[in-house]
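> Give me a model of this one.
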Amino acid sequence: MRNFNYFHPTRILFGKDRVNEVGKIVARNGKRCLLVTVEPFPAMKELFENVKGLCEKAGIETIHYDGAVPEPNNDCVNKGSKIARENNVDVVLGVGGGSTMDTAKAISVGATHEGDIWDYRLGQKRVGKDILPVIAVPTTGGTGAEGTNMAVIKNARDKTKSAIASWDLTPRVAIVDPVLTLTVPPKITASTGFDAFTHSFETFINIHSSNFIDLYALDALKKIIKYLPLAVEDGSNLEAREALSFAAMLGGLCISNIGTTLPHGMAMALGGHVSGIAHGETLAILYPEVNRWTWTTAIEKFAEVGRLFNQNLYEVSDNTAAEKCCDEIESFIKTIGLWNDLSSKNVIKDDFEAITEDALNLRNYALHPKIANHDDLIDLFEKSHKKQ
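You can find the predicted model right below:
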C-alpha cells in the first residue's frame, strides 16, 4: 500500500433537519456571531431568518452580513471583515453555497489579520492560528467547502482567482442538512454536482492519491453518477439530495488531503478572466478535452471510473475501459445538461495566453498524471473553445 497522511479537524453533523441544531452549535463557539449569506432572495429568505432566530434563541447576538457574492472577491471579504471587527464578533457562520462558505472562511482571517485579504493567497502571508472559528451550513450539494482547508477568492482588478489555504481555515463544525438543497434549481444542481464529481475524480487520479482517500473518492463518484441525473430531473427527490450532499462532503475531505489537478487550475484561471460562468460549468466544458489528452497516463484509474458508469466495461481490457471512460463522462455531462463550449460563454481566444500563464502559476497541473506545458494548455483551451 502507498504511504499516506490523513487529517481533518471538522466536526460533521449530517442528516435531515440538522440545521435546527445551529443555535447550540454556534453558542459553543462564541457569543457574538457574524452570519454570512448572499443577499436574501425568495428561496433562501426564510432559511436565513430561521437561522438568525435559532441563534438568538440560544443567546447569540447575531450580525447579518449579506454581502457574499457568487464569485467572492477581496472587496466583499474586506468589507465583511471590517464589520466583524467593528462588532467584536467571535464566531462566523456561513450559510449558503460554496462561495458563501468561502467568504465566511476568508472573513475569519480578515477579521483577525492585518491588510487586504488578497495578501494571504497561496501563502504569501501566513495565516495565524488566531482566526475566528467558522461554522458552515451548505445549501448546495457540490463544493464541499464546509470541510475544506481553503477559501477561493477573486481579485477583479487584476483578473486573478486564487486561494487562501490553511488547516486553521477549516470550519470548526459543518452542519450538512440535505433538506436545505431541495430548492436548488436544476442548472445549479447540475453545476455544483459536477463540481463534486471533479473533486473526487481529480483526487483519485492525482499523483499523490492514497488508498484511504480513494475509498472516499470512489464512494462519492458512485453516488454522483447514480443520483445527480435524478436530482436534476426532480429536485424534490430527498434520497438523491441526501446522496449528493454526502458525496459533496466526501469530495471536500478528498481535496483537503490530496488536492485537485489540471482541470481545476485551468477553471480557476478562466474564472479570473471571465465572469458569469459557474465553476462547475467551466469544468464540464474543459473535462472532455483534458480527459482525452490524459487517459493513457492513468489507464487503471480511468478504467475503474469507467466501470462505475458502465458495468459492461468489466468485460473489456483496462485500456479499452479507460478510453471508454472519456465517452461515459461526456455522456454524463450531456445528460445533466452541461454540454457547452467556451465560445458560448464569451471567452475570447486572445485571452488564452494570459489565462494559460495564470493556470501554470496555480500549480494544480503539477499534480496531474500527465504534466502540461504552455503549448499543451493553449491547445486544450483551443479545443474547448468551439465544439461540434
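> Touching, Thr79 and Gly67? I think so.
Thr isn't right for residue 79; it's Lys. Yes. Look at Lys79 against Gly67 with C-beta atoms under 8 Å: they come within range, at 5.7 Å. The way it works is simple: take the backbone N, C-alpha and C, and place the C-beta from them, glycine included.
> who touches Glu328 in this structure?
Glu328 is in contact with Val305, Gly306, Phe309, Asn310, counting by C-beta atoms under 8 Å, 6 or more residues apart in numbering.
> Can you classify the most centrally placed residue in the chain by secondary structure?
Centroid check for the chain by C-alpha atoms, centre = their mean gives Thr143 as the closest residue, at 2.8 Å. Look at Thr143: counting by DSSP: H, G, I helix; E, B strand; the rest coil, its state is coil.
> wait, what's in contact with it?
Applying C-beta under 8 Å, 6+ apart to Thr143 gives the contacts Gly97, Gly98, Met101, Thr192, Asp195, Ala196, Ala248, Gly252, His279.
> ok, and the most crowded of the residues you listed?
In terms of neighbour count, Gly252 stands highest of these at 35 neighbours, by other C-beta atoms under 10 Å.
> In three-state terms, how would it be classified?
Per three-state DSSP, Gly252 ends up helix.
> Do I have it right that it meets Gly147?
Yes. Assessed by C-beta under 8 Å, Gly252 is found in contact with Gly147 at 3.8 Å.
> hang on, the earlier thing: quickly name whichever of the contacts of Thr143 is closest to Ile164.
For those, the residue nearest Ile164 by C-beta to C-beta is Met101; the value is 12.8 Å.
> tell me the contacts of the closest one?
Contact analysis of Met101 by C-beta under 8 Å, 6+ apart lists Gly94, Ala136, Pro138, Thr143, Ala145, Glu146, Pro171.
> now for the residues you listed, which pair is the farthest apart?
The span of the contacts of Met101, defined through C-beta to C-beta, is set by Thr143 and Pro171 at 12.3 Å.
> And Gln388, what's its pLDDT?
The score at Gln388 is 65. That number is its pLDDT.
> Is the closest residue in space to Leu218 that isn't next to it in sequence part of a helix or strand, or is it coil?
Distances taken as C-beta to C-beta, 6 or more residues apart in numbering put Phe204 closest to Leu218, at 6.8 Å, once the chain neighbours are dropped. Classification of Phe204 by three-state DSSP places it in helix.
> Same check on Cys33?
Reduced to three states by three-state DSSP, Cys33 is strand.
> Near Val26, how many other residues are there?
Around Val26 there are 27 residues (other C-beta under 10 Å).
> Do I have it right that it meets Lys57?
No. Between Val26 and Lys57 there is no contact under C-beta under 8 Å: 10.8 Å.
> Mind jotting down where the helices sit in the protein?
Using DSSP state H, the helices of the chain run over 22-27, 42-57, 74-86, 98-110, 186-205, 211-233, 238-257, 262-273, 279-294, 299-309, 318-335, 352-362, 374-385.
> I'd like to know which elements the last one is packed against.
When contacts are defined as 3 or more C-beta pairs under 8 Å, 6 or more residues apart in numbering; DSSP states H and E, helix 374-385 sits against helix 262-273, helix 279-294, helix 352-362.
> What helices and strands are in contact with the longest one?
Using 3+ C-beta pairs under 8 Å, 6+ apart as the contact criterion, the neighbours of helix 279-294 among helices and strands are helix 186-205, helix 262-273, helix 318-335, helix 374-385.
> For the last one, list every residue counted as buried.
Counting neighbours by 16 or more other C-beta atoms under 10 Å, one finds that the buried residues in helix 374-385 are Asp376, Leu377, Ile378, Asp379, Leu380, Phe381, Lys383, Ser384, His385.
> what sits against the last one?
In other words, His385. Contacts of His385 by C-beta under 8 Å, 6+ apart are Asp341, Leu342, Ser343, Val347, Lys349.
> Of those, which pair is most distant in space?
Asp341 and Lys349, at 11.9 Å, using C-beta to C-beta across these.
> More neighbours: which of these two?
Asp341 (17 against 13).
> Tell me who's in contact with that one.
Asp341 neighbours (C-beta under 8 Å, 6+ apart): Ile285, Ser384, His385, Lys386, Lys387.
> from the residues you listed, which two are the most distant?
Ile285 and Lys386 (11.0 Å).
> Common neighbours of those two, please.
Taking C-beta under 8 Å, 6+ apart as the contact rule, Ile285 and Lys386 both touch Asp341, Leu342.
> So for those two, which sits in the more crowded spot?
Taking neighbours as other C-beta under 10 Å, Ile285 and Lys386 compare with Ile285 leading, 28 against 11.
> Just the pLDDT for that one.
On the pLDDT scale, Ile285 gets 98.
> unless I'm mixing things up, it is touching Phe381, no?
No. Applying C-beta under 8 Å, one finds Ile285 not in contact with Phe381, separated by 10.0 Å.
> Find the residues that touch each one of these two.
With C-beta under 8 Å, 6+ apart as the test, Ile285 and Phe381 both reach Leu342.
> picking up where we left off before, comparing Lys79 and Gly67, which shows the higher neighbour count?
The neighbour count for Lys79 versus Gly67, taken as other C-beta under 10 Å, is higher for Gly67 (18 against 14).
> isn't the more buried one right next to Gly80, touching?
Yes. In this structure, Gly67 is within contact of Gly80 by C-beta under 8 Å, at 5.9 Å.
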